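Visitor: sequence and computational prediction follow.
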Amino acid sequence: MGLFSLVHSYINRLLSLVEPFFGAKIHINNDNNEAYGMLSDWLSKRGFGKSARASRVSVKNIRNPGDIIKMGKKILKFQPWEGSFSFWYRGHLITYNTTINVAQCQITESLDEEVSLTSLGWSTDILKQLMNECRQEYLETVKDKIAIFENNGCYWRKVDVRDVRPLSTVILNQSNKELLLEDFRSFLSADTQLWYAQRALPYRRGYLLYGPPGTGKSSLSFSIAGEFDLDIYVISIPDCTDRYLRELFEDLPQTCVVLLEDIDAVGMSRESDPDEDSDTNSKDESSRRRRVQSLQKSSEVTLSGLLNVLDGVTSQDGRIVIMTTNHRETLDEALIRPGRIDRQVLLPLADTEVIRQLFMFLFGPVEAIGDAKAGLKELEEEKTEIDTALRSQAHKFAFIVPASTFSQAEIISYLLLHKNDPDGALSHCKKWVDEKISEKRLPDNK
Ligand SMILES: Nc1ncnc2c1ncn2[C@@H]1O[C@H](COP(=O)(O)OP(=O)(O)OP(=O)(O)O)[C@@H](O)[C@H]1O
């Protein structure tokens, strides 16, 4: 080991001497750069993280496709850390170098790391080949998956790569689902893109999904994004600010779904950032109050801040925004006017048909659940041999559980108490309904 590292460190030193004159280099910064993740996965898969003289270890929170969650097991991921090392790639010696910008890390409170790859020679071809291989490998791992990004301050962070949730597992009024699906399909078609381009119209689409909590707004958004092979970028409005929002929108890829959750949390003021307020130095009481209000606004998303990013030049073509809210009635009309929101879809509490479908969904055969690749497939009861007894139980269940009283989430959570036991679910449901209704203090309408 001693001799090996000595030779290695001599090679590195030698390379660092000749690189400025004979080296081709590419730089990759880790801030919101998927290429960084692709390279780092490629390296850690080949064990370079472990063999580098300095490596960073973390618990892998992004599963590889096909990984079954092993309860209690924490898989470690090693990535090369500050310093450099060399490796052979297709007959070329490549040097990987990473530096951490400590000062910047303190400002942004996130890791600011600059990675470079260097090869000997004038051309960067081999480095591009390597990055392409990293990309191919990455695309292979995310095939039929959806990558989910969330904002970490003003940066996007990939938080998960998960299987696409089949649309058939989001139980909704059929016409709502079809309407949304058809609208997405039409918007993303080549004809529509051309149509927008010919008329120089901004190629964007906005949807508002509204309704009580637990009716499937987020689930539908994830599922529909997956259906069209689009990554999803999620911003929780209560945890964001105007400045972050601006930077986050600037960093969006060209075609993606942006999910703005709890849009009713947008500050209803039409003013924007406090630093745009010219009167903040004034000493009198009213300006002091304004200053306090401005400071509060700097930690929230204001209506004007949001409208700016939705309409602004930083708004990418092909971007689909889905906003969700439990309180549509509180939204400013300006936010949901056509052009910003093209379709509004109400996701109501479960009606009788949805209640029946939920029962079938939880207790019916798994094959009845459509698969993501095939597009929208409802529970094709006629084509599958679903026990007629189960159908009759589902009808009875839907008769006992009052319509428009419970969310899908509430009904699912009750049914899960009787997983694999439809008889139990049916026989106890009257009691559950009565208890829940008295909890909600709603009149029993059955
Ligand atoms: N229509 C539905 N079909 C299937 N599952 C659902 C449906 N609605 C809710 N669920 C389940 O309930 C849970 C919460 O759903 P989800 O977050 O999509 O609801 P939401 O309407 O976005 O809620 P909120 O308004 O509180 O954000 C999830 O586990 C989801 O699987």
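Guide: The structure has been received and is ready for your questions.
Visitor: average model confidence for stretch 239-252?
Guide: Mean per-residue pLDDT for stretch 239-252: 88.
Visitor: hang on, I meant stretch 399-416
Guide: For stretch 399-416, the mean per-residue pLDDT is 96.
Visitor: helices of the stretch 101-250 of the chain, start to end?
Guide: 102-108, 125-141, 174-188, 190-198, 217-227, 242-250 (DSSP state H, counting those that start in this stretch).
Visitor: count the neighbours of Lys143 for me.
Guide: Neighbour count of Lys143, defined by other Cβ atoms under 10 Å: 9. For every residue, glycine as well, the C-beta is placed using N, CA and C.
Visitor: kindly state the pLDDT recorded for it?
Guide: In this model, Lys143 is scored at 80, pLDDT.
Visitor: domain parsing for the chain?
Guide: For the chain, automatic domain parsing gives the domain ranges 2-141, 161-266+301-342, 352-440.
Visitor: check the ones you listed for me and report the most buried one.
Guide: When the domains of the chain are scored by mean count of other Cβ atoms under 10 Å, the highest mean neighbour count falls to domain 161-266+301-342 (a mean of 18).
Visitor: do any residues in it lie close to the ligand?
Guide: Yes - Domain 161-266+301-342 comes into contact with the ligand (Cβ under 6 Å from any ligand atom), by way of Val170, Ile171, Leu172, Pro213, Gly214, Thr215, Gly216, Lys217, Ser218, Ser219, Thr324, Asn326.
Visitor: tell me which residue of this structure lies closest to the ligand.
Guide: Gly216 (2.8 Å; Cβ to the nearest ligand atom).
Visitor: so where is the stretch 251-400 of the chain shaky, pLDDT-wise?
Guide: 268-299, 313-316, 366-386 (pLDDT under 70).
Visitor: and the strands in it, which stretches?
Guide: 256-261, 319-325, 343-346 (DSSP state E, counting those that start in this stretch).
Visitor: distance to Asp423 for the helices of the stretch 101-250 of the chain - can I get that in CSV?
Guide: Output for the helices of the stretch 101-250 of the chain, formatted as CSV (distance: least, Cβ to Cβ, whole Å):
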stretch, distance to Asp423
helix 102-108, 57
helix 125-141, 42
helix 174-188, 28
helix 190-198, 50
helix 217-227, 28
helix 242-250, 50
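Visitor: so which of these is nearest Leu362?
Guide: The closest of these to Leu362 is helix 217-227. By Cβ to Cβ, the value is 14.9 Å.
Visitor: ok, and what's touching the closest one?
Guide: With contacts defined as Cβ atoms under 8 Å, 6 or more residues apart in numbering, helix 217-227 is touched by 145-146, 148, 164-167, 169-170, 172, 177, 180-181, 184, 209-211, 231-232, 257, 259, 261, 322, 324, 347, 372, 375-376.
Visitor: the residue of the chain closest to the ligand: what's it in contact with?
Guide: Neighbours of Gly216 in contact, by Cβ under 8 Å, 6+ apart: Val170, Ile171, Leu172, Leu347, Gln408, Ala409.
Visitor: so how far is Leu127 from it?
Guide: 45 Å (Cβ to Cβ, to the nearest Å).
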